[in-house]
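*Asks:* Next come a sequence and a model predicted from it.
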Amino acid sequence: MKYLSDLAAGQHDPKQLEDVYQAARRANEEAEFLADLEVCYQASPDNVLYAAWHYRLQAAPKEARAVNWKLAIPLAIVTGLIYGVLALVNVYGSNQMPFLFVPWSLIGACCVIAFLTITANSPWKQAWPAILGLIVAGVYVTLLTTLAERMLYRTLMVLHLPLLAWAATGVSILGWKSDAPNRFAFLGKSVEVFVTGGVFVIVGGMFAAITFGLFQALGINLPAKLQQFLVAGGGGLITVLAVATVYDPRVSPIAQKVEQGLGRLIPTMMRMLLVLTLLVLIVYLVVIPFNFMQPFNNRDILIVYNIMLFAVMGLLLGVTPMRSEDLPERFHSALRTGILVVAVLTIVVSLYAMSATVYRTVIGGLTVNRLTVIGWNTINTALLIGLVYTQFKNGAAAWIRSLQSVFSASAVAYTVWSLFLVVAIPWLFK
């Protein structure tokens with residue numbers, strides 16, 4: 001955000017903006033200038049000068065991004081080796097989950113943060129607190145899950161520590177004080193990283209299956225421990241390589257390039273899923289009255305509802321454009337309407353699920369799972385209500401910016417609640 005103040009001061013002065021741009025070029029910080037300009041343009045899209053610079057820089061030819069493979073590959077190998085070794089360690093008992101299941105995301109995030117910081121040649125003042133926080137969280141959870149038998153807490157940490165790892169990575173990139181456009185851009189790029197990682201997992205799984213099958217065809221059965229080491233090590237490789245493939249640490253999130261591959265494909269897939277989700281929600285609301293008491297009597301259904309809420313939030317994030325020109329103007333109204341309808345229908349379903357959870361809590365008391373579900377349902381429902389409210393309050397002219405502000409707030413809410421669960425659950429439910 002180095003050039004924000006200069007850009008704001010020169011919003012009506014073409015010469016001053018040109019001077020700022022030339023200064024950025026001399027300092028080899030053209031990407032930083034573009035990122036800050038995008039922030040100003042998104043905040044004031046009616047400013048003619050900002051719009052002219054926006055389209056000028058968008059149309060300028062851009063060099064292909066060079067991935068720092070010299071650092072990414074060694075870090076990926078180190079991460080893979082750590083994963084492989086920890087996959088063989090089991091401090092919870094022979095019939096329990098491997099130890100790797102708890103800290104894998106924290107270790108992966110530390111390696112990713114190191115890759116991003118070194119490649120961007122950034123100061124470590126943002127990276128070290130994030131890495132230190134992840135180490136403290138890992139030690140804290142490990143001590144609480146090994147010194148006493150806390151199977152339920154351990155399972156919750158397997159699900160929630162990845163959220164903290166993701167949040168720490170965001171802090172290392174954005175800092176503690178970030179604006180909504182960059183937070184939203186980080187969220188959007190995170191989706192691309194996760195999908196890319198999923199593709200790597202599928203390809204890696206196919207490779208592993210073929211490799212193990214070839215050895216079996218020769219009558220050679222690889223030891224189970226070796227297979228476990230190789231599979232876990234492959235996961236470590238993917239963690240770093242997926243980030244290196246998709247994310248450019250040298251520029252801010254809002255200045256990231258939208259690649260021709262997955263970066264273009266993901267929004268299209270998400271928008272197709274939005275239509276299918278809308279149809280499913282309509283049908284589901286029609287059949288609810290005929291099976292009204294099911295979630296009140298079956299907790300597994302409530303877990304499905306909670307997963308559904310996260311899926312819808314991820315879907316709405318994925319369909320939201322980064323910039324208005326990313327989507328043809330003729331599709332803006334249809335997409336906005338689809339998002340609003342899906343959000344409203346999901347609010348109805350989530351309130352229905354919330355009533356069932358509260359009912360079970362009143363009857364059976366507050367448990368770890370019920371507190372967790374109530375918290376997540378409350379957050380996601382509040383975000384969806386906020387999404388609908390801001391759309392009607394700010395109108396169609398600012399619909400993209402309104403959506404981005406809600407999703408930016410969701411990143412903060414998710415981080416705070418995950419941190420609360422990690423720290424407080426062992427002491428609230430002993």
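*Replies:* Received it, and whenever you're ready, just let me know what you need.
*Asks:* how many other residues sit next to the nearest residue to residue 179 once chain neighbours are set aside?
*Replies:* Among residues not flanking residue 179 along the chain, residue 39 sits closest, at 5.8 Å (CB to CB, 6 or more residues apart in numbering). C-beta here means a position set from N, CA and C on the backbone, and glycine is covered the same way. As a burial measure, residue 39 scores 23 neighbours (other CB atoms under 10 Å).
*Asks:* Okay, and residue 39 sits in which element?
*Replies:* helix 30-43 (DSSP states H and E).
*Asks:* wait, what's in contact with residue 127?
*Replies:* 113-114, 116-117, 172 (CB atoms under 8 Å, 6 or more residues apart in numbering).
*Asks:* Poorly predicted segments of the stretch 101-250 of the chain, please.
*Replies:* 148-149 (pLDDT under 70).
*Asks:* can you rerun that using 80?
*Replies:* 146-151, 177-178, 214, 217-219 (pLDDT under 80).
*Asks:* could you measure the residue nearest in space to the middle of the chain against residue 328, distance?
*Replies:* Note on the chain: the residue nearest the mean C-alpha position is residue 190, at 4.5 Å, using CA atoms, centre = their mean. For residue 190, the distance to residue 328 (CB to CB, to the nearest Å) stands at 25 Å.
*Asks:* number of nearby residues for the closest residue to residue 327 other than its chain neighbours?
*Replies:* Nearest non-adjacent residue to residue 327, counting by CB to CB, 6+ apart: residue 321, 4.6 Å away. Applying other CB under 10 Å, we find 18 residues neighbouring residue 321.
*Asks:* tell me the SS of residue 321?
*Replies:* Of the three states, residue 321 takes coil according to DSSP: H, G, I helix; E, B strand; the rest coil.
*Asks:* Test my guess that it contacts residue 267.
*Replies:* Yes. Judged on CB atoms under 8 Å, residue 321 makes contact with residue 267 at a distance of 7.3 Å.
*Asks:* quick check: domain ranges of the protein?
*Replies:* Domains of the chain are assigned by automatic domain parsing as 4-59, 69-254, 259-428.
*Asks:* out of those domains, deepest packed?
*Replies:* Neighbour counts (mean count of other CB atoms under 10 Å) averaged over each of these peak at domain 69-254, with a mean of 18.
*Asks:* from the middle of its chain, how far away would it be?
*Replies:* Offset of domain 69-254 from its chain centre (CA atoms, centre = their mean, to the nearest Å): 13 Å.
*Asks:* What's the end-to-end length of that domain?
*Replies:* 23 Å (CA to CA, to the nearest Å).
*Asks:* next SSE after the host helix or strand of residue 348?
*Replies:* Per DSSP H and E, residue 348 falls inside helix 332-364. Next in sequence after helix 332-364, counting helices and strands by DSSP H and E, comes helix 368-394.
*Asks:* for that next one, packing partners?
*Replies:* helix 151-174, helix 299-319, helix 332-364, helix 399-428 (3 or more CB pairs under 8 Å, 6 or more residues apart in numbering; DSSP states H and E).
*Asks:* what mean pLDDT does stretch 405-422 have?
*Replies:* Per-residue pLDDT values over stretch 405-422 give a mean of 92.
*Asks:* which other residues reach whichever strand or helix holds residue 105?
*Replies:* Using DSSP H and E, residue 105 sits within helix 104-120. With contact meaning CB under 8 Å, 6+ apart, helix 104-120 is reached by 68, 71-72, 75-76, 78-79, 82-83, 86, 122, 124, 126-127, 130-131, 134-135, 137-138, 161-162, 164-166, 168-169, 172-173, 235-236, 239-240, 243-244, 247, 249-250.
*Asks:* about what we covered before: out of the helices and strands packed on helix 368-394, flag the one nearest residue 46.
*Replies:* helix 399-428 (12.0 Å; CB to CB).
*Asks:* what angle do the closest one and helix 368-394 make?
*Replies:* Interaxial angle of helix 399-428 relative to helix 368-394 (axes from the mean of the first three to the mean of the last three CA atoms, to 10 degrees): 160 degrees.
*Asks:* Let me know the secondary structure of residue 208.
*Replies:* Going by three-state DSSP: residue 208 is helix.
*Asks:* which residues does it contact?
*Replies:* The contact partners of residue 208, by CB under 8 Å, 6+ apart, come to 230-231, 234.
*Asks:* Repeat that for residue 213.
*Replies:* Taking CB under 8 Å, 6+ apart as the definition, residue 213 has no contacts.
*Asks:* Next up, phi/psi of it, please.
*Replies:* Torsion angles at residue 213 (phi, psi; degrees, to the nearest 10) stand at phi -70, psi -40.
*Asks:* What separation do you get for it and residue 167?
*Replies:* 40 Å.
*Asks:* do residue 223 as well
*Replies:* The spacing between residue 223 and residue 167, counted by CB to CB, is 38 Å.
*Asks:* Would you list the phi and psi of residue 222?
*Replies:* When read as degrees, to the nearest 10, the backbone of residue 222 gives phi -60, psi 140.
*Asks:* ok, now residue 125?
*Replies:* phi -70, psi -20.
*Asks:* mind checking how far the closest residue to residue 348 other than its chain neighbours is from residue 416?
*Replies:* Using CB to CB, 6+ apart and skipping the chain neighbours, the partner closest in space to residue 348 is residue 285 (6.5 Å). Noted for residue 285: a distance of 31 Å to residue 416, by CB to CB.
*Asks:* quick one: contacts for residue 122?
*Replies:* Residue 122 neighbours (CB under 8 Å, 6+ apart): 116, 249.
*Asks:* and if you look at the one 4 residues further on?
*Replies:* Applying CB under 8 Å, 6+ apart to residue 126 gives the contacts 117, 171-173, 175.
*Asks:* from these, which is closest to residue 198?
*Replies:* residue 173 (21.4 Å).
*Asks:* unless I'm mixing things up, that closest one is touching residue 251, no?
*Replies:* No. At 10.6 Å, residue 173 does not count as touching residue 251 under the criterion of CB under 8 Å.
*Asks:* And the closest residue to residue 341 other than its chain neighbours, what's its pLDDT?
*Replies:* In space, and not counting its chain neighbours, residue 341 is closest to residue 278: 6.0 Å by CB to CB, 6+ apart. If you check residue 278, the pLDDT there is 91.
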